[in-house]
Each structure stands twice: as C-alpha cells, then as structure tokens.
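> Structural data only, the sequence is not supplied:
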C-alpha cells in the first residue's frame, strides 16, 4: 500500500514537473506555427555594375564567401539578365516590372512618368513595413532636392543624389555631402557601403513581429570609379586579372563585328582611350574586385542579424546586379551594349526551408521579374496588370512552372552624351542572340549562344541562318510595341557634343564589311545590288542552302 502511495506521489511529482515543460513546448510550437504562417520577410539587395561572373564561386580571382553562401544555401539563377544595361532604366524595370519602352525611364536623366506605381506600394497594401536604403538614381534632370526625395511605396527612406560617393567629402561650397534620410539632410559619415548597411540594420532593429518587413538595400558599389574600403585596399595582392582574348585589336577578333564596336575601342568606353585617360583596364578591374568585398561583408552582417534575431527561417534574401560591365571584351569597357558581359547579371535567392539549397536555375530570368517575385513571396494572388515579368519564386523552390519564357527582349536607346553606342535592340533566346541597330549604317549580329558564348562569330551573313534571322527579327519587332500599340524611339534634350574624343595615336576607324563592297564586272555592270528590299524570309525559302532550325 505504501509503495503504491509512494509511486502515486512520484507520478504526481513527475506530472507536476512536466506541466511547465509542456507549457513551454506548446508555447514554442505555437510561436513556431505562428512564425511559419506569417508572411515571409524579404530583403532585396541590388548591386551596381556587378556582372554575372563577379562571384567567388565563378571567378577564381576573387573571394565572396557570403555570396557563395547564398548559392550553397539557396538558388543561383545562372541565366539572369537585365532588359536594359544602364542604371536608371534597369532600376525602373525592377521597381515597375516593366520594359523601358513602357515605364519611360529611357536614360539616366529622365524621371519616371507621373503616376508610376512601384512595387513597394503593393507591398504596403499587403501589410508590409517597407524601407528603401541606398542609390535611387532616377531623374537626374530634376532639380536639386528632387533627385533623392522619398518615393511612394516606402515607409522609411535613405538615399543620395546621383551616383553617390564612396567616402565622405565636401561640396564646392565647402558644405558636407549629405544623404536624404526621410526627407531631411544628414552628412555622410563613413564608407558608403558600410553606412548604408548601418542604416539598414538600424531600421531592421525597429521592426516588430506583428508585421512582415521588406528592405530594399541598393548599394552604390561597385560603380566606377571603384574605391574599396580601407580594409580591402591591398586585397588580392599577387593575384592577376586575365586579359580577355577578344580585347586584342586583331582582324580575327573584329571579323564580322559592327563598325561601331571597333570604333568604340578608341573612345570614352573603349580600352584604347578609357574615360579619356591612360587607365590600365586590368588594374582597374582589380579595384572593382576590391570594392565588391564590402558588399559581401554587408551581406554577412545581414545574415548575422537574421540569425541573431531568429528571423533567418522566415526571411528570403535576393541579390541582383543592375547591369553587367565590360572589362576589355571586344575592346570595350562599361555596359549599354547587348553583349553577355553587359546584360547578364548575378542573381541569387536564399531562404532556409523555403528556397531549395544548392539549386541552379537555368531558365531565363530578368530584372522585370523582381516585382512579381517579391509580391508572390508576400502572398499576393492577383498580380498588377502593369507587370510584364514573371515570378521566380516557384523556380527557386524547384517547382514546375508552365509556359516559362524562352526569349527575352533587350533595348537601349542612344544617348548624345555617350554617342559611341547606337540604339540597340536584341532578342536573347536559349539558342541564339539576334542584335539589330537603329539609325546607323552598320551590320546586324547573330550568335549561336550555346556554341559561341563569347560571341565571337557573327552568323548574320551565313545564308543557312536566313530563316533564323527573319524569324528573330520579326519576333523582336513585335516585342518592342509598347502598351499603347506604338513603336517609338525616344530621346532627351541635347546640351553638348558628348564624349566624341579619340586618341590620335591608337586604333583607327573600322572598315565596312567585305560583303558590302561591290565592284563592277568586265562590262561595268553591278549584279545583285537591288535585292536589299526583298524579305529575308523569302530569300530563305528560295535559297539552295539548307536552313538552320529556328529557335524554340
């Protein structure tokens, strides 16, 4: 009897001890369930001029442990592109989900159209606290104070006029360079990449569990002139930046290339007169590598904050570049053109337990996909009609997606201040890239992108590709029609000659393609010179040469 009493007392004691433990357990499960059911937090990190291969796991010259972490613990979109390789148009495409011919930010000077709605406003409607921190860079033609003014869609705002500055400095009037913090001026205090991260984490610290947050961290880095943080000034000493084989000024490299490409090598945006200086392009690229390291550090600080605060499992982080950058390829520097190094960008997505780990996405992704992706993550079911992109979220989770794009439009409009690059339209498919130019007397380009990823062999004059050219050219024209049914080429007011200088002692002007040079026969007659108005599609059907298959 006493043994039963003792055992009963032991059971009651055990139960009494377990009750608080069970309460804690159920409480933890409740919190976990609540956290799991909560809309995910989202951090979107935009870098400037970071090309697709400027990642440690793709480039043996550099170290980017936190970007590598994103690829290891998440998804790498290896075929990500921008629809315009220029700061302002690309940023507008990210924020609106639209092509440049619809959002209207056609260069770095023109502001967004009145009434333009950025995806941050839709996130606010979905219950998110939103913040924009960093480079805005749209509407440079606007007056003082308007260039970095707070924009609709963001509860918290930190920005600066134009390109910003890597280090604190003074203006011509002796006053300090300032940032716009929620409509008020605040002096820049330190290295810009670190300071923008400080502002971001300060805002994150003020968030509560009641509402999800969205942070848009838009870095100045790694825009030229590349200025690394002090701690990275001697990084990579002893490492060598390889010279791209296409940088050499040889007939082989320029065979079949447009005239403007060879002529640009001796210009502001070329290796023979870069920024009208004696700059060494490979040394310049090393500074670019070093300036990126602070961005990688910034990512590390964000990850550390997420882990410390327990937000890691419910936060998706996306990293993307606003456009690529040429470092000698085809004798060019900068961006704007439709070559891979210019229009292809890094894109990574990490979300523990949400995004598939070590996942490589090979579908064509683009900047116009960011807006629908963010809203999809936020749980928005009905996408705004303005969006021309598609959500990447399912692809990042390795879920099947029906009718994903197999081609992407690229467009760039000529700027008088940088007249070296003509108005450029391109269609990039999984198989080919077709590039055409507007308003210049020059050749088009066609590349078998799978077998010629460096775009060295222009197939535009290969008769077996006539049907391919005709098909891609027609599909490109259709995609260029805007939402009003128009095909237009806009331009902004010219106020100077632009960067027209050439180095008098370096590369000379390009020669016209051999296919264009005609001589008369012994009777002084010219043959087959009036066929230029005949459609290529008709020529392809009549050709005795077997035609290559069309792109899917």
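Received the coordinates, thanks. Given the structure is predicted, the values throughout are model-derived calculations rather than measurements. Numbers count the residues shown, from 1 in each chain.
> what's the burial count for residue 483?
13 (other C-beta atoms under 10 Å). Placement of C-beta: from N, CA and C, glycine included.
> Just say helix, strand or coil for it.
coil (DSSP: H, G, I helix; E, B strand; the rest coil).
> all helices for this structure, in order.
Secondary structure of the chain by DSSP state H: the helices cover 2-37, 65-72, 87-96, 100-103, 119-125, 192-205, 251-254, 259-264, 281-308, 340-343, 370-377, 393-396, 466-479, 536-542.
> Nearest to residue 147 among those helices would be which one?
Closest to residue 147 of the helices of the chain, according to C-beta to C-beta: helix 87-96, at 11.0 Å.
> Helix 370-377 and the closest one, what's the angle between them?
Here helix 87-96 runs at an angle of 30 degrees relative to helix 370-377 (axes from the mean of the first three to the mean of the last three C-alpha atoms, to 10 degrees).
> So that it lines up with my notes, have the first residue be 44 from now on.
All right, first residue 44 from here; so that's helix 130-139.
> Check which residues of helix 130-139 are buried.
130-139 (16 or more other C-beta atoms under 10 Å).
> just curious, which of the residues you listed is nearest to residue 457?
residue 132 (12.9 Å).
> And for the closest one, nearest residue in space, chain neighbours not counted?
Nearest non-adjacent residue to residue 132, counting by C-beta to C-beta, 6 or more residues apart in numbering: residue 143, 4.5 Å away.
> For the one you found, list the residues it contacts.
Counting by C-beta atoms under 8 Å, 6 or more residues apart in numbering, residue 143 touches 126-127, 132, 135-136, 149, 454, 456.
> And for residue 550?
292, 305, 308-309, 315, 374.
> Roughly how far does it sit from residue 297?
As judged by C-beta to C-beta, to the nearest Å, residue 550 and residue 297 stand 10 Å apart.
> any common contacting residues for these two?
Each of residue 305 lies in contact with both residue 550 and residue 297 under the rule C-beta under 8 Å, 6+ apart.
> ok so, going back, now, which of the contacts of residue 143 sits nearest residue 406?
Using C-beta to C-beta, residue 126 comes nearest to residue 406 of the contacts of residue 143, at 15.6 Å.
> Help me confirm that that closest one comes into contact with residue 455.
No - the pair residue 126 and residue 455 does not pass the contact test of C-beta atoms under 8 Å, sitting 9.4 Å apart.
> Identify the contacts common to the two.
Shared contacts of residue 126 and residue 455, counting by C-beta under 8 Å, 6+ apart, come down to residue 132.
> Reformat the buried residues of helix 130-139 as a markdown table; add distance to residue 184 and pLDDT.
Below are the buried residues of helix 130-139 laid out as a markdown table (distance: C-beta to C-beta, whole Å; pLDDT from 0 to 100):
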| residue | distance to residue 184 | pLDDT |
| --- | --- | --- |
| 130 | 14 | 96 |
| 131 | 11 | 96 |
| 132 | 14 | 97 |
| 133 | 18 | 98 |
| 134 | 16 | 97 |
| 135 | 14 | 97 |
| 136 | 19 | 98 |
| 137 | 20 | 98 |
| 138 | 18 | 98 |
| 139 | 19 | 98 |
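> Turn those residues into TSV, including distance to residue 492.
Output for the buried residues of helix 130-139, formatted as TSV (distance: C-beta to C-beta, whole Å):
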residue	distance to residue 492
130	25
131	27
132	23
133	21
134	26
135	27
136	22
137	24
138	29
139	28
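> And stretch 425-432, end to end?
14 Å (C-alpha to C-alpha, to the nearest Å).
> quick one: contacts of it?
139-142, 145, 160, 165, 409-416, 418-419, 434.
> Can you tell me which of those residues are classed as buried?
139-142, 145, 165, 409-416, 418-419, 434.
> What number of neighbouring residues does residue 521 come out with?
The number of residues packed near residue 521 is 10, by other C-beta under 10 Å.
> And it, how far from residue 233?
50 Å.
> Tell me what the nearest residue to residue 192 once chain neighbours are set aside is bridged to.
Residue nearest to residue 192 in three dimensions, not counting chain neighbours: residue 223, with 6.7 Å by C-beta to C-beta, 6+ apart. Per DSSP bridges, the residues bridged to residue 223 are residue 202, residue 228.
> Now do the contacts for residue 223.
191-193, 200-204, 229.
> How about residue 456?
Contacts of residue 456 by C-beta under 8 Å, 6+ apart are 143, 149-150, 466, 532-534.
> change it to 6 Å
If you count contacts by C-beta atoms under 6 Å, 6 or more residues apart in numbering, residue 456 has them with 149, 466.
> Quick check: phi and psi on it?
Per-residue torsions, residue 456: phi -100, psi 130 (degrees, to the nearest 10).
> Could you tell me how many residues sit around the residue nearest to residue 123 when sequence neighbours are not counted?
Using C-beta to C-beta, 6+ apart and skipping the chain neighbours, the partner closest in space to residue 123 is residue 390 (3.6 Å). Residue 390 has 26 neighbouring residues, counting by other C-beta under 10 Å.
> any low-confidence regions in the stretch 144-293 of the chain?
Scanning the stretch 144-293 of the chain for pLDDT under 70 picks out 186-188.
> The chain too?
Within the chain, the stretches with pLDDT under 70 are 44-80, 186-188.
> 80 instead, please
Residue ranges of the chain with pLDDT under 80: 44-80, 182-189, 595.
> do you know how far the nearest residue to residue 444 once chain neighbours are set aside is from residue 423?
The spatially closest residue to residue 444, leaving aside those adjacent along the chain, is residue 437, at 5.0 Å (C-beta to C-beta, 6+ apart). For residue 437, the distance to residue 423 equals 14 Å [C-beta to C-beta].
> Look at these two and report which has more neighbours.
residue 423 (18 against 15).
> mind pulling up the phi and psi values for that one?
According to degrees, to the nearest 10, residue 423 has phi -70, psi 120.
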